[in-house]
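Colleague: quick one: sequence and predicted model below, then my questions.
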Amino acid sequence: MSDLNNQINDGTLHVLLNTREPADYVTFYTAAADTAVRRIVIDAQKLSQWNSLQLSFVFRLQKIAQARHIDFVTNNLPQGFDKMLQLAGAVPFHMDEESINQEAVLDKIGGWGLSLYSTIKRGVSFVADGLKALWRLLFLNTAMRKVDFLFALQDCGPKALGIVSLISFMVGLILAFVGAIQLKTFGAQIYVASLVTIGMIRIMGAIMAGIIMAGRTGASFAATLGAMQVNEEIDALQTMGVPVTDFLVLPRLAALVIAMPILTMLADFMGMLGGAFVGVLILDIPAVEYWRYSWQAWGLTNFFVGVFHGWVFGFIIAFCGCYYGINSGRNADGVGVATTKAVVSGIVWMIVATGIITLICERLGI
């Protein structure tokens with residue numbers, strides 16, 4: 001006989017709870033499920049001490065009674081037992097599938113909206129803090145260290161010259177080849193010079209330099225700051241009262257904003273040089289004629305539009321790299337995710353900025 005005595009009398013299952021644990025629950029669950037039982041009565045008069053074991057047992061019997069639509073009565077429950085039983089039954093034991101799916105969809109929509117709002121708010125605040133720090137830098141009123149700025153400038157300036165030159169040269173070469181295929185049809189190969197020059201100095205030079213720097217420097221910023229987040233170095237700076245934006249973001253932002261226009265001009269020149277390589281050595285265009293047409297196609301308006309693109313790209317790459325680095329997860333996987341997001345977001349926002357600037361220039365007739 002179990003320590004929890006059960007007795008069926010006139011369709012009523014009497015369950016006497018005591019302090020000792022039950023030896024076999026199945027006996028009571030089977031008895032409660034018997035069609036002869038029309039009422040379940042729990043008596044806890046002898047229950048001097050209780051724990052979650054007795055609570056879960058009574059809760060399970062209560063659910064069996066609810067499922068069978070029979071009476072469930074509790075007598076002499078100790079203090080707190082009935083409240084815990086009510087709390088356990090506050091959430092429906094089963095929900096129909098339609099309600100679950102509907103709630104899940106609403107939860108997803110609401111969660112997505114709140115997450116989007118939080119992300120936009122945090123991003124706008126981060127950009128605003130960075131621009132304020134850059135403005136204070138003009139008046140030398142920041143916590144930025146000169147050595148950090150010089151280190152960042154060296155990383156995104158001289159160390160990037162080689163890769164930017166190589167890629168831009170190849171882009172100019174490819175652009176000349178593609179243009180020559182069509183221009184040969186009309187015997188106008190000489191205009192390859194104009195095509196390459198206008199394409200590189202107005203937009204292609206800035207875009208290629210921006211993509212290279214997003215994959216090289218933007219990823220580096222995110223990985224460096226992400227590692228600092230993992231090692232709790234950023235938390236240490238905040239604890240000491242050091243402005244994180246001034247100390248970590250501003251040197252990288254200032255360095256990239258200065259370097260990007262210069263890299264853009266280098267990309268323009270190397271792209272034109274790649275076009276000249278194709279035009280002079282492959283298409284047999286006289287070098288003097290090639291450079292004469294290039295100079296005629298060159299315009300300060302196109303040149304400054306391209307440099308402005310590069311300047312804007314510097315802001316975008318720096319902000320994306322620093323933002324995702326500072327807000328990365330506190331593990332190795334989080335740093336990898338932050339680096340990926342920095343590169344992808346930087347390239348996406350550069351394309352968006354290019355579209356906006358192009359539309360503005362079109363409206364202004366530039």
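Modeller: Noted; the coordinates are in hand.
Colleague: V73 in helix, strand or coil?
Modeller: Classification of V73 using DSSP: H, G, I helix; E, B strand; the rest coil returns strand.
Colleague: again with R252
Modeller: helix.
Colleague: relative to F126, how far out is it?
Modeller: Plainly put, R252 is 13 Å away from F126 if you go by C-beta to C-beta, to the nearest Å. (Each C-beta comes from the backbone N, C-alpha and C, glycine too.)
Colleague: quick one: the helices in the stretch 201-350 of the chain?
Modeller: 205-213, 219-230, 233-239, 244, 250-281, 287-297, 300-326, 332-364 (DSSP state H, counting those that start in this stretch).
Colleague: can you check the stretch 1-150 of the chain too?
Modeller: Using DSSP H, counting those that start in this stretch, the helices of the stretch 1-150 of the chain run over 25-32, 52-68, 81-88, 97-138, 146-156.
Colleague: so how far is the second one off the chain centroid?
Modeller: Taking the mean C-alpha point of helix 52-68 and that of its whole chain, the gap between them comes to 45 Å (C-alpha atoms, centre = their mean, to the nearest Å).
Colleague: average pLDDT across that helix?
Modeller: In this model, helix 52-68 has an average pLDDT of 78.
Colleague: tell me what that helix is packed against?
Modeller: strand 12-18, helix 25-32, strand 39-46, strand 71-75, helix 81-88 (3 or more C-beta pairs under 8 Å, 6 or more residues apart in numbering; DSSP states H and E).
Colleague: angle of that helix against strand 12-18?
Modeller: In terms of direction (axes from the mean of the first three to the mean of the last three C-alpha atoms, to 10 degrees), helix 52-68 departs from strand 12-18 by 170 degrees.
Colleague: check the last one too.
Modeller: For helix 146-156 against strand 12-18, the angle by the same axes, to 10 degrees is 130 degrees.
Colleague: cool, the fourth one as well?
Modeller: What separates the directions of helix 97-138 and strand 12-18 is an angle of 40 degrees, with the same axes, to 10 degrees.
Colleague: the third one too?
Modeller: Using the same axes, to 10 degrees, the direction of helix 81-88 lies 110 degrees away from that of strand 12-18.
Colleague: next, the angle from helix 81-88 to strand 71-75.
Modeller: 140 degrees.
Colleague: what's the local residue count around T185?
Modeller: Residues lying near T185 (other C-beta atoms under 10 Å) number 8.
Colleague: Y117 versus that one, what's the distance?
Modeller: From T185 to Y117 the distance is 54 Å (C-beta to C-beta).
Colleague: most packed of the helices and strands packed on helix 52-68?
Modeller: Highest mean neighbour count among those (mean count of other C-beta atoms under 10 Å): strand 12-18, with a mean of 20.
Colleague: quickly run through the sheet partners of it, with directions.
Modeller: Strand 12-18 has its sheet partners listed here by DSSP bridges as strand 5-9 (antiparallel), strand 39-46 (parallel).
Colleague: how far is that strand from where the chain is centred?
Modeller: 57 Å.
Colleague: that one versus helix 25-32: what angle between them?
Modeller: Going by the same axes, to 10 degrees, strand 12-18 makes 150 degrees with helix 25-32.
Colleague: with just CA atoms, put strand 12-18 into CSV.
Modeller: Extracted in CSV, the C-alpha atoms of strand 12-18 (Å, rounded to 0.1, in the frame of the first residue of the first chain):
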residue,chain,number,x,y,z
THR,A,12,-15.2,9.6,-5.1
LEU,A,13,-11.5,9.1,-5.0
HIS,A,14,-10.1,10.1,-1.6
VAL,A,15,-6.4,10.9,-1.5
LEU,A,16,-4.8,11.3,1.9
LEU,A,17,-1.6,13.3,1.7
ASN,A,18,1.1,12.7,4.4
